[in-house]
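In: need a structure here:
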Amino acid sequence: FRGDTRPDLPFSRLDSSNPEDLWDWMDSNRNQGIESLAIPHNSNGSNGAMFMLTDNNGRPLDDAYANQRMRNEPLVEISQVKGTSDTHPALSPNDEWADFEIMPLRIATTLYSEPNGSYVRQAFLNGLKMQAEEGFNPYKFGVIGSSDTHNATYAGEEHDYWSKVGLRDADGVLRGSVPLPEPRADGELYADTYFDTWSAAGLAGVWAEENTRESIYDAFRRKETFGTSGTRMKVRFFGGYNMPDVDDADLLSEAYAGGVPMGGDLLGQEGEAPSFIAWVAKDPNSAPLERVQIIKGWVEGGETREEVYDIACSAGELDPATHRCSDNGARVDISDCSISTGVGAAELRASWQDPDFDPEQHASYYVRGLENPTCRWSTWDAIRAGVEPNPDLQPTIQERVWSSPIWVTPVQQ
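Out: Numbers count the residues shown, from 1 in each chain. Predicted structure coming up:
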């Protein structure tokens, strides 16, 4: 809610399980002066229901649906304890970093969750396709992260993760990161649980003018938001045709004056590609930065496409042919979780133009910043217990931050 007025009763599943009924309720409240928005979360566990190509009753989406959804759900959660919802390796096979904290199950079940229709990047792409072909986009979201713990604690970190749901996953044995005292009847050494697929945290970032409810809410509305996998990384992202130099002393004020921030829209210009400025700063208490990337989505020949471009490297040169930074050599000692020193950057910033820009294509761009590798929470659990890490779990992760996109629309649109 933007203000301190609210309805007498909340809207719950007891009222309806159809999200469109929730939006009707929110619209009704708005007509009475009660302004609010909803942020859907855990799309990764929705079994394809979060970002369908039909409405809840199986009808084709239309302009009215898109407007109502965006009016009431301008943001979406991209990362939290129950996994990351950016993308899935099956949906982004050419993204080397897509396999990050994938929670493969439907929420609160042991049933497989269908990736198609469950991940944010694919929703961005399908939204572009609908915009290009039908003139509306129901998936023009900004992004945030969240913790989603149910244990009244702060948003944890990998080295300080204790549980999500309290007593049920309160130690490494229950979480599947530390062996059971005795093997199971089937000979397995670890608990039969899905808790080991969970992440440690997620955080929301908001670029608000002041620390007030109204200002933060307004930043939500304009989608000037970002999400992290748990660390306190920060990202700025601007696009436009009159952008300052990245080393300009008045970079922020000039970027706002000459372009749009994350969550904004640009019109394509014939003969000129927009310039984008990405600026990522590390968490002071976490690992240095490895690289900054821009993830582009577009529609070409009626098909959705995506490409990941490295745009700023902490070491070495950027290969213009592969659009990739070289390995900066950062490593993790799994025996104690110590990390390489003197490797990586405290901040990375770059100005970038799309080498394949086509002003007649619908496109979106968002930033992903990656830390050097660090230990996953499950490895920290094993170290504290004095045992080897569970070989079926990733020993390390690369914490990351995602910006909300900037959308580019052809002039004729």
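In: what packs against the helix or strand that contains Val292?
Out: Using DSSP states H and E, Val292 falls within strand 289-300. Judged by 3 or more C-beta pairs under 8 Å, 6 or more residues apart in numbering; DSSP states H and E, strand 289-300 is in contact with helix 120-134, strand 275-281, strand 303-313, strand 347-353, strand 363-371. Every residue, glycine included, has its C-beta placed from N, CA and C.
In: now the fourth one: how far from the chain's centre is it?
Out: Right, the one you point to is strand 347-353. Here strand 347-353 is found 20 Å from its chain centre; the criterion is C-alpha atoms, centre = their mean, to the nearest Å.
In: Arg121 is in contact with Ser92, correct?
Out: Yes: counting by C-beta atoms under 8 Å, Ser92 does reach Arg121; the two are 6.5 Å apart.
In: more neighbours, those two?
Out: Arg121 (24 against 21; other C-beta atoms under 10 Å).
In: confidence score at the more buried one?
Out: At Arg121, the pLDDT value in this model is 99.
In: And the one 5 residues further on, by the same measure?
Out: Note for Asn126: predicted pLDDT of 99.
In: Tell me how many other residues crowd it.
Out: 21.
In: Buried residues, stretch 188-207. List them.
Out: 190-191, 193-196, 198-207 (16 or more other C-beta atoms under 10 Å).
In: what's the closest of those residues to Gln353?
Out: Checking these against Gln353 with C-beta to C-beta, the nearest one is Trp207 at 23.3 Å.
In: tell me the contacts of the closest one?
Out: 219, 224-225, 236, 261-262 (C-beta atoms under 8 Å, 6 or more residues apart in numbering).
In: cutoff 10 Å now
Out: 216, 219, 222, 224-226, 234-237, 252, 261-263, 404 (C-beta atoms under 10 Å, 6 or more residues apart in numbering).
In: go on, Val173?
Out: Per C-beta under 10 Å, 6+ apart, neighbours of Val173: 179-181, 190-191, 193, 381, 385.
In: Looking at the backbone only, give me phi and psi for Trp23.
Out: Phi and psi for Trp23, reported as degrees, to the nearest 10, are phi -60, psi -40.
In: For the spatially closest residue to it that is not a sequence neighbour, grab the count of nearby residues.
Out: Spatially, and ignoring its direct neighbours in sequence, Trp23 is nearest to Asn72 (4.4 Å; C-beta to C-beta, 6 or more residues apart in numbering). As a burial measure, Asn72 scores 19 neighbours (other C-beta under 10 Å).
In: did I read that right, Ser12 in a helix?
Out: No: under DSSP: H, G, I helix; E, B strand; the rest coil, Ser12 falls outside any helix and is assigned coil.
In: Please, where are all the helices along this protein?
Out: All helices of the chain, identified by DSSP state H, fall at 19-31, 63-72, 120-134, 172-175, 213-221, 251-258, 377-385.
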